[in-house]
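Novice: after the sequence you'll find the predicted model.
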Amino acid sequence: MDEPGALTEPEERAWRGLMTVVALGLPQIERTFREHGLVHIEYLLLQSLAQTPDGLRLSDLAGCARSSQSRLSHRMRKLIDLGYVAQLPCGTDGRVTIAQITDEGRAMLDTLCPAHLRDVRRVLFDHLDESQLAALAGALEAVAVKLSH
């Protein structure tokens with residue numbers, strides 16, 4: 001197998017830029033969640049459940065969050081303990097558990113969403129013009145598609 005060559009100059013710039021966003025930007029975004037006792041994955045779970053009024057099977061919810069079942073189980077226990085999520089048996093399949101967001105969970109989303117959107121724009125999007133944003137979206141979508149398969 002051939003050894004990979006050094007990164008090209010554009011690859012190096014892209015990689016360093018991504019690592020800076022991950023190292024410096026994501027903690028700034030996480031701060032909003034931590035102030036409310038949550039982490040980003042828990043916010044994502046609440047968002048996914050809020051978009052599905054009848055709830056989601058736990059296996060489907062794990063897929064939405066790109067999470068393992070064990071990691072989901074830990075996060076769900078916390079969200080249930082906080083009163084943000086309820087788990088119910090599936091009416092058509094007794095082997096299946098459905099997760100539903102509660103009114104308290106919706107209220108938490110209503111509190112967090114505006115601050116989260118401000119943070120994401122401040123950390124990332126406010127620094128880009130329309131063509132840069134389009135290029136970033138296209139590039140990240142291409143990478144995400146490959147990682148998802």
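Specialist: Noted; the coordinates are in hand.
Novice: return the helix or strand in this structure with minimum mean pLDDT.
Specialist: When the helices and strands of the chain are scored by mean pLDDT, DSSP states H and E, helix 58-64 comes last with a mean of 84.
Novice: next up, the contacts around the residue most central in space within the chain.
Specialist: Centroid check for the chain by CA atoms, centre = their mean gives Leu44 as the closest residue, at 4.4 Å. Shown in contact with Leu44 (CB atoms under 8 Å, 6 or more residues apart in numbering): 64-65. C-beta: built from backbone N, CA, C; applies to glycine.
Novice: do you know the pLDDT at it?
Specialist: For Leu44, the pLDDT comes out at 92.
Novice: double-check that it belongs to a helix.
Specialist: Yes - Leu44: assigned to a helix according to DSSP: H, G, I helix; E, B strand; the rest coil.
Novice: after the longest helix seen in the chain comes which helix or strand?
Specialist: Longest helix of the chain, by residue count under DSSP state H: helix 103-123. The element immediately downstream of helix 103-123 (helix or strand, assigned by DSSP states H and E) is helix 130-148.
Novice: need the contact partners of that following helix.
Specialist: By CB under 8 Å, 6+ apart, the residues outside helix 130-148 that reach it are 125, 128.
Novice: pull the CA atoms of it into CSV?
Specialist: Only the C-alpha atoms of helix 130-148 are listed here, as CSV (Å, rounded to 0.1, in the frame of the first residue of the first chain):
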residue,chain,number,x,y,z
GLU,A,130,-23.1,34.0,0.2
SER,A,131,-20.7,32.3,-2.1
GLN,A,132,-18.5,31.1,0.8
LEU,A,133,-21.6,29.8,2.6
ALA,A,134,-22.7,27.9,-0.5
ALA,A,135,-19.2,26.4,-1.0
LEU,A,136,-19.0,25.4,2.7
ALA,A,137,-22.5,23.8,2.5
GLY,A,138,-21.7,21.9,-0.6
ALA,A,139,-18.4,20.6,0.7
LEU,A,140,-19.7,19.6,4.1
GLU,A,141,-22.7,17.8,2.5
ALA,A,142,-20.4,15.9,0.2
VAL,A,143,-18.3,14.7,3.2
ALA,A,144,-21.4,13.9,5.3
VAL,A,145,-22.8,11.8,2.5
LYS,A,146,-19.6,9.7,2.3
LEU,A,147,-19.4,9.4,6.1
SER,A,148,-23.0,8.3,6.3
